[in-house]
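Peer 1: Next come a sequence and a model predicted from it.
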Amino acid sequence: MIALVLIFFLFVILIASEVFVNALEHLGEKLGISEGVTGSIFAAVGTALPETIVPLLAIFAGSPDQRVNEEIGVGAILGAPLMLSTLSLCLMAGSVWKRRGTHGHLSPERSGLTRDLNFFLAAFALATVALFVPHETTAVRACLAFVMVLIYFFYVMLTLKASAALVEDGHGTEAGKPMHLARIGLPTNWFSILVQLGLGLALLVGGAKGFIYGIEQAAPLLGISALVLSLMIVPIATELPEKVNSILWIRRHKDTLAFGNITGAMVFQGTLLPAIGILLTPWAPVKAVIAGVAITLAAAAWLRFMLGRGQLRVWHLGLNGLLYVTYLVLALS
């Protein structure tokens, strides 16, 4: 029965993803903004809502067991960037493996992707340091959380500032197909775009809430702690929008949108969400957490290194997938 509940909410998130992406492309086209802004900020933040809602609901409105609530919260917070930097990037590249080949080129707009990865690595390194700051030193933890919020603020400002030049260079957002609401007779205007966006986000939030219930029920049945289960299972569900969105975009040769959707979400989830965890949970360096942050940093650093060399190829992101398998081995051993 629990498996059916989890599968049901997976389908809810998949449907929500398609509805949301379709509306988002039309929104970006209407605003005349770059693919970098659409992917790294609008799509990333919008599809990161489930990951944001899951830890908040777990911490503030979860089960009566506060320890379980905190474990689910920490697992959801750290599992999101782990999944994005490893499995999500690997699946995205794998979706075009037959078309482009093992040594096929991946061609996102470089300056935006470099900015995303630099900000993520800096912020997530701070989140890692915070694991070793005693919970009693609230002032130090509060300062670290505040710095991480500032990092995201500056990231958004720089991304928006770069938008106009990117549009002039041919990186403007273009909708790939008609609005879904237009298929039932509604005109494609601001109202219908916002309605479809709202519908997609509502479905995403509903899927997130359903998954909290499923995890709370599944953890004791499987004999796995809520922390480990949250690190592994919650991101698979809540990151589906990013994975599906990016797969749809990269198969349409919109590499900038595809990468920005993932790496922009990494920045959001590597700054604001860990800031919440630092302030509201024990945020302690237990085995599963240490393994997760180490693998996440390694995966992001590998992508940044290969990008710095000048070219990204399909096989490069295969290593990110192997890093996720490594994490599973470490977490379950």
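Peer 2: That came through, no problem.

Peer 1: Please make it C-alpha for all contacts and neighbour counts, starting now.
Peer 2: OK.

Peer 1: for the record, mean pLDDT for the helix or strand that contains Gly214?
Peer 2: Applying DSSP states H and E as the criterion places Gly214 in helix 190-222. Helix 190-222 carries an average pLDDT of 74.

Peer 1: ditto for stretch 271-286
Peer 2: 85.

Peer 1: Then stretch 304-314?
Peer 2: On average, stretch 304-314 scores 90.

Peer 1: what's the residue of the chain most remote from its centre sitting at in phi/psi?
Peer 2: The centre of the chain is farthest from one residue, Gly185, which by CA atoms, centre = their mean lies 33.1 Å away. The phi and psi values for Gly185, taken as degrees, to the nearest 10, are phi 100, psi 0.

Peer 1: repeat for the one 4 residues further on
Peer 2: Listed backbone geometry of Asn189 is phi -140, psi -180, with angles given as degrees, to the nearest 10.

Peer 1: Would you mind measuring from it to Ala16?
Peer 2: Taking CA to CA, to the nearest Å as the measure, Asn189 falls 20 Å from Ala16.

Peer 1: If you count surrounding residues, which of the two has more?
Peer 2: Neighbour count, other CA atoms under 10 Å: between Asn189 and Ala16, Ala16 has more, with 25 against 13.

Peer 1: Nearest residue to the more buried one in space, please, no chain neighbours.
Peer 2: In space, and not counting its chain neighbours, Ala16 is closest to Gly200: 4.6 Å by CA to CA, 6 or more residues apart in numbering.

Peer 1: OK, contacts around the one you found?
Peer 2: With contact taken as CA atoms under 8 Å, 6 or more residues apart in numbering, Gly200 is in contact with 16-20.

Peer 1: most neighbours, which of these?
Peer 2: Counting by other CA under 10 Å, top hit in the contacts of Gly200: Phe20 with 28 neighbours.

Peer 1: Let me see the mean pLDDT of the helix or strand encompassing it.
Peer 2: If you go by DSSP H and E, Phe20 is part of helix 2-31. In this model, helix 2-31 has a mean pLDDT of 74.

Peer 1: now for that helix, which elements pack on it?
Peer 2: Counting contacts by 3 or more CA pairs under 8 Å, 6 or more residues apart in numbering; DSSP states H and E, helix 2-31 is packed against helix 190-222, helix 226-238, helix 240-251.

Peer 1: again, only this time at 6 Å
Peer 2: Contacts defined by 3 or more CA pairs under 6 Å, 6 or more residues apart in numbering; DSSP states H and E place helix 2-31 against helix 190-222.

Peer 1: Which strand or helix spans the spatially closest residue to Val45 that is not a sequence neighbour?
Peer 2: Once flanking residues are discounted, Val45 sits nearest to Ala265: 6.2 Å by CA to CA, 6+ apart. Using DSSP H and E, Ala265 sits within helix 255-280.

Peer 1: So for the next helix-or-strand element following that helix, what gets flagged as buried?
Peer 2: On the C-terminal side of helix 255-280, the nearest following helix or strand under DSSP H and E is helix 287-308. Across helix 287-308, burial judged by 16 or more other CA atoms under 10 Å covers 288-289, 291-293, 295-304, 307.
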